[in-house]
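Colleague: Could you work out the structure for the sequence below:
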Amino acid sequence: RVNAGCARYIELWNLVFIQFNRLGEDKLVPLSARYVDTGAGLERIVAVLQNKKSNYDTDLFMPIINYTSNITGHKYTSKLGSKTDNAFRVIADHIRSLVFAITDGAIPSNEGRGYVIRRILRRASRFGRELGMHEPFIYKLVPVVVDCLGDAFGEITERADYVSTVIESEETGFGRTLDRGIEIFNTAAKRAQQSIKKIINGEDAFQLYDTYGFPLDLTELMAQERNLKVDTAKFDELMEAQRQRARAAQKNDSLMAALANTELPVTEDAHKYDTDNYDSKLIGWLDDGGFNDQGRIETGAEVGIILDRTCFYAEAGGQVGDCGIIKSATADKSDNAQFIVESTAKIANCIIHQGKVVEGSFSIGQNVKAIISKDRAATKKNHTATHLLQWALLLMLSLPFCFSPNIETKNLKLKTKNHNSKFRFNCEKIG
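Modeller: Got it, this is the predicted structure:
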């Protein structure tokens, strides 16, 4: 049988006879005319004409494979069970897709069709590691694709330089984290292999996605190679939580912009550097309606609380705002109001503690205690580390670079941009 897992038969061409329009599950309506749809791929037809058993052995793919062999030093043997040969085939297939898609206007990004392009390229980059390639090289295959198909598809010839530039830029960016990501995956896979269920946990898969840029399907592919599975349900849960944080941040940005010209009370925050808890007084709050300095905040309300004094650090300099709780300061057990602070922002000299009332209620003038999460110590250390890293880079590079930090509890990121120079450095030189 064709397409039944038997290598003896290969489907070269198929016909689909169309005569009904399906309405619902059990109703077929005859069409006004009958049609025959034919499916015949160019590659399969070429394989027949050139008497090849595989599409990849035709002159549509072999020039790409041969060039890849030359620059990697690995030999292609056209064997199905070979990991090396499989890497050749994946790269040859993916570079063709990338050339046409980017020529048509798609560019790598984190959304929509752009993310499909990014996934394809990153998958190809990972297979490049199977061939020992740790530097960008896929962009070098663009002219080979153009030589193979440019006569028939003139547009790829016209935009070849642009396509090469886009691919090289994306390769370079992902290459910085790919090797480290593979190390993280290997550690996660080792844990999974020692477990009963043989499943890579969702937290590891999400870390690979969020920190190292590994698309989930790439992690699943690498897991499959080791007869492992991935906890995609947990991954989806973490992904949704991230989306919610992003939506909350977007809502916060809109609120901040709307209040830019509103006169707000001043918050004294001099103690944000020397204590993790502070006695304060609630003097107002922000909601979708704007600033409020009268009334009560009831359980379930998602607002931005304003205190007369605070020890919370507002988002600034790339460091995320502090998280923690604000609770009633009275000893009365019946007054157990509690507000979870999810982030902290600043408008002029007013500190906004954003979050949700999870228990009880708060009123204007109420005495409260502001308590910062214990994780804050890690964020402070990362902030200090960012300054040290920036200092080391400036000393080493001796170039006018623009640094954009992102400092969180578990990690720090320092993005650099210099449009006039390309640079490389060894991390060991930093110290």
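Colleague: Please make it C-alpha for all contacts and neighbour counts, starting now.
Modeller: Noted.
Colleague: where are the low-confidence patches of the chain?
Modeller: 1-5, 7, 248-261, 316-319, 331-334, 375-380, 382-383, 386-387, 390-391, 393-431 (pLDDT under 70).
Colleague: For the strand or helix carrying Leu282, which residues meet the burial criterion?
Modeller: Per DSSP states H and E, Leu282 falls inside strand 277-287. Burial within strand 277-287, assessed by neighbour count using 16 or more other CA atoms under 10 Å, is assigned to 277-286.
Colleague: now stretch 140-156
Modeller: Quick answer for stretch 140-156 (16+ other CA under 10 Å): 140-146, 148, 150, 156.
Colleague: measure it end to end?
Modeller: Terminal residues of stretch 140-156 lie 14 Å apart, using CA to CA, to the nearest Å.
Colleague: Same question for stretch 126-140.
Modeller: Per CA to CA, stretch 126-140 runs 16 Å from first to last residue.
Colleague: likewise stretch 192-210?
Modeller: 20 Å.
Colleague: Need the contact partners of it.
Modeller: Stretch 192-210 has contacts (CA atoms under 8 Å, 6 or more residues apart in numbering) with 181, 184-185, 188-189, 191, 214-216, 219, 223, 227-235, 238-239.
Colleague: where along the stretch 101-250 of the chain do the strands fall?
Modeller: For the stretch 101-250 of the chain, the strands defined by DSSP state E, counting those that start in this stretch occupy 199-200, 229-230.
Colleague: Could you list every helix and strand that the last one packs against?
Modeller: Taking 3 or more CA pairs under 8 Å, 6 or more residues apart in numbering; DSSP states H and E as contact, the helices and strands that strand 229-230 lies on are strand 199-200, helix 216-224.
Colleague: Tell me the strands beside the top strand by length along the chain, with direction?
Modeller: Identified as the longest strand of the chain according to DSSP state E is strand 27-39. Strand 27-39 pairs in its sheet with strand 14-23 (antiparallel), by DSSP bridges.
Colleague: Quick check: the gap between Asn51 and Asp57.
Modeller: 9 Å.
Colleague: Of these two, which one has the most company?
Modeller: Applying other CA atoms under 10 Å to Asn51 and Asp57 shows that Asp57 carries more neighbours, namely 18 against 11.
Colleague: What are the neighbouring residues in contact with that one?
Modeller: Contacts of Asp57 by CA under 8 Å, 6+ apart are 47, 78.
Colleague: Could you rerun that using 6 Å?
Modeller: Neighbouring residues of Asp57 by CA atoms under 6 Å, 6 or more residues apart in numbering: there are none.
Colleague: Offset the numbering so it begins at 39, please.
Modeller: Right, with 39 as the first residue, what we last looked at is Asp95.
Colleague: care to break this structure down by domain?
Modeller: Here the domain parsing of the chain from automatic domain parsing is 92-275, 308-411, 422-468.
Colleague: still on that earlier bit, and the furthest pair within the buried residues of stretch 178-194?
Modeller: Lys178 and Gly188 (15.7 Å; CA to CA).
Colleague: Now do the helices in this protein.
Modeller: 80-87, 100-110, 121-141, 150-168, 180-187, 192-196, 198-231, 240-248, 254-262, 270-296, 414-435, 465-468 (DSSP state H).
Colleague: Export those as TSV, with columns for distance to Ser366.
Modeller: Output for the helices of the chain, formatted as TSV (distance: least, CA to CA, whole Å):
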stretch	distance to Ser366
helix 80-87	72
helix 100-110	66
helix 121-141	57
helix 150-168	46
helix 180-187	65
helix 192-196	66
helix 198-231	43
helix 240-248	35
helix 254-262	44
helix 270-296	25
helix 414-435	22
helix 465-468	47
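Colleague: Quick check: which of the helices and strands packed on strand 267-268 is nearest to Phe99?
Modeller: Of all the helices and strands packed on strand 267-268, helix 254-262 sits nearest to Phe99, with 22.9 Å by CA to CA.
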